[in-house]
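*Asks:* here you go, sequence then predicted model.
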Amino acid sequence: MLIALDLPLGVQNHLMHMGLVPDAHVKALHRAPAGDPTVYSIDGIEVALRRETARVIRVRPVEAGVIGDTSPATTLLEAVS
């Protein structure tokens with residue numbers, strides 16, 4: 001589950017228009033043969049993101065997304081590594 005985008009405002013807005021909004025469900029689908037970019041499913045829409053972008057997107061596992069949960073967020077890149 002998406003928690004936050006730690007990116008410049010212009011980049012944040014661009015990604016938000018593609019569906020990267022708080023509470024969106026994100027799943028890694030596959031990586032390019034060289035390992036970058038990775039294709040993610042964001043609430044059913046496929047988006048390719050480079051490592052430098054995925055590194056600053058904070059997520060939390062869906063199971064941990066219950067109300068009052070305090071489990072630490074991780075980056076999108078760490079979540080799929």
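*Replies:* Nice, thanks for sending it over.

*Asks:* can you show me the helices along this protein?
*Replies:* Using DSSP state H, the helices found in the chain span residues 9-17, 51-54, 76-80.

*Asks:* hey, which helix or strand in the chain has the poorest pLDDT?
*Replies:* helix 76-80 (a mean of 70; mean pLDDT, DSSP states H and E).

*Asks:* beta partners of residue 2?
*Replies:* Per DSSP bridges, the residues bridged to residue 2 are residue 59.

*Asks:* in this structure residue 54 contacts residue 38, no?
*Replies:* Yes: here residue 54 reaches residue 38: they are 6.5 Å apart, a contact under C-beta atoms under 8 Å. From N, CA and C alone the C-beta is placed, and that goes for glycine too.

*Asks:* spit out the contact partners of residue 56.
*Replies:* The contact partners of residue 56, taken as C-beta atoms under 8 Å, 6 or more residues apart in numbering, are 5, 6, 7, 75.

*Asks:* apply 6 Å and report the result again.
*Replies:* By C-beta atoms under 6 Å, 6 or more residues apart in numbering, the residues touching residue 56 are 6, 7.

*Asks:* still on that earlier bit, so which of the helices of the chain is nearest residue 42?
*Replies:* helix 9-17 (9.1 Å; C-beta to C-beta).
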